[in-house]
Each structure stands twice: as structure tokens, then as C-alpha cells.
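# Using only what follows, build the 3D model:
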Amino acid sequence: MTKNKLMIFGASVVIALTLIAVFAPFIATYDPTEINIKAALLSPSAVHVFGTDSLGRDLFSRMVYGARVSLFIGFVAVGISIMIGIMIGSIAGYYGGRIDSLLMRFVDMMLCFPSFFLILSLVAILEPNIVIIMTVIGLTSWMGPARLIRAEILSLKEREFIQAAKITGLNDCRIIMRHLIPNAIGPVLVNAVLGIGAAILIESSLSFLGIGVQPPMPSWGNILMEGKATLGICWWITILPGLAIFITVLGYNLLGEGLRDILSPRKNAVRD
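Next comes the predicted model:
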């Protein structure tokens, strides 16, 4: 019961943030990039709900548009990682032997690199922009989905319905795409939900370090970076985006853990 409540809370957070991101132009009360030096560093009030930053920009509007940027990066980055992971994991699991060994050693090699520092290095070398950030995060986080899909396909490929598909003359590509992947996708979907929170956290960290989303485009990470200089006198500029990141990552983690419990084979077996 407690886990169900936590999952509902996580799902509510995810739905609310998605709606905020989609309807950002209607929710934001000001232009998030509009500079008004006369209104700089105003505390939260009825006019500026979350106050203003050092350039007089409305913090609430920047937070709303920052949700759009952060969620977009999270979804696209995870989409890239899932597609690569499914492709490599399904090939390795279905064919086995030397192909499986070669691909899994490549996965092990990629896992040897500290992910965040690898991302940090690549983004620092390349010109930091939203496309580069999404691509780099996706290209450095596909190993988990690959191992999950491989494990599922290893257990599925010996089942009767796969043997029947082979006997009927279906080619390998069709067997993988139409029979194996749809039946093995459950754990990967859970990993994807958890991965969105992780991708948002990585993007926020990169933006905080100044090599992520570049101003004036707002993201929660660069709002944090801009607020650190005035933390002692204007706490809201740092605390509010920090809370947004915390609640978002928590929401996706709770939703992912809830889906994992629902899709758990052991739990389903007990129910049956």
C-alpha cells in the first residue's frame, strides 16, 4: 500500500511537470529572457511570485521554461540511449557466441569509464548546446538498457513461440523486432523512467558548471549557477531551482520503482 502511494505521488509529479512544460507559454507570467535591471533581486511577491534574479528576470517564468528544457533533454537523451541499448542488447542476446562476447566486452569497457566525467569531457571539447548535451548523455548511458534487453532475450529465445517462428521461416530481424523485443521491453521501460531523472540531474550539473544549456536560455542548472553569487542575500534564486530538481528526480525515481514492482516477474508469479 505504501509503495502504491509513493508511485501515485511520483506519477502525479511527472504529470504535473509535463503539463507545466507543455503549457509553459500560458503559465509563465513574463518573458523569461526579458532583462529589467530596475527590478533586479526582488524578493518573492504578488508581482513576481518567485522573485527576480540579478538581471531583473522573473524567476517563476524562467523556472517554468526551465522545466520545458530539462524535460525535453531528459526524454530525448533517454530515447537515444534506449534505442542504442535495444539494438546492441537484442543482437547480443539473440545471436550469442562470439557476437555476444564481443558486444558485452564493449559494454564492460564503456562501464569502466566514470559516466559523468566522460560526459563532462565530451561536452567540454564540443561546443555546448542543447543538441550536443542530449546526444552525449544518450551515447554514454545505453549500457544499462543493453544489458537488460540482452538478459530478457536470452531467456525468451528458447521459448516455444520463438522456435515456432523460426520453423515457419521468419527471418532473424522479424523475429527480434516482432516477437522478442515486445516481450522483453518491460524492464527497459522501467530503466527509461529512472533514466529520465538521471538525465535531468546530469544536465543540471553540466549547466551549473557552465558547460550545459547556455544563457539566456533558462534551465534549472544555469539558474542555480547564476544564483550562487547572491546566495547569501537572495536565497530564492538557488533554493527554488534546487527544489525543482530534487522533486523532479524524486518523482521519476518513485514512478520507476513502482513500475518495477508491478512488472516484477516474481511478484506476478505470486499473484498467479
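
# Please make it C-alpha for all contacts and neighbour counts, starting now.
Noted.

# could you point out the longest helix in this protein?
Taking DSSP state H as the criterion, the chain has its longest helix at helix 59-95.

# residues of it that come out buried?
Using 16 or more other Cα atoms under 10 Å as the burial criterion, the residues of helix 59-95 that qualify are 59-82, 84-94.

# after it comes which helix or strand?
helix 97-112 (DSSP states H and E).

# Packing partners of that following helix?
helix 59-95, helix 143-156 (3 or more Cα pairs under 8 Å, 6 or more residues apart in numbering; DSSP states H and E).

# centre of the chain versus the last one, how much separation?
Centre-to-centre, helix 143-156 and its host chain are 20 Å apart (Cα atoms, centre = their mean, to the nearest Å).

# and it with helix 59-95, angle?
Orientation note: helix 143-156 sits at an angle of 40 degrees relative to helix 59-95 (axes from the mean of the first three to the mean of the last three Cα atoms, to 10 degrees).

# Flag every buried residue along helix 143-156.
So helix 143-156, judged by 16+ other Cα under 10 Å, has buried residues 143-154, 156.

# before we move on, the earlier item: can you redo the helices and strands packed on helix 97-112 as CSV with mean pLDDT and distance to residue 33?
Shown next, in CSV, are the helices and strands packed on helix 97-112 (pLDDT from 0 to 100; distance: least, Cα to Cα, whole Å):
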stretch, mean pLDDT, distance to residue 33
helix 59-95, 93, 8
helix 143-156, 92, 38
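
# Looking at those, which is nearest to residue 131?
With Cα to Cα, the closest approach to residue 131 among those belongs to helix 59-95: 8.4 Å.

# I'd like the distance from that closest one to the chain centre, please.
5 Å.

# Show the model's pLDDT score for residue 271.
Note on residue 271: pLDDT of 40.

# Next, the angle helix 97-112 makes with the longest helix of the chain.
Using the same axes, to 10 degrees: helix 59-95 against helix 97-112 is 150 degrees.

# helices or strands up against helix 59-95?
Judged by 3+ Cα pairs under 8 Å, 6+ apart, helix 59-95 is in contact with helix 2-22, helix 24-27, helix 97-112, helix 130-139, helix 143-156, helix 186-208, helix 220-227.

# Give me the contact list for the shortest one.
Taking contacts as Cα atoms under 8 Å, 6 or more residues apart in numbering, the residues outside helix 24-27 that touch it are 20, 61, 64, 65, 68.
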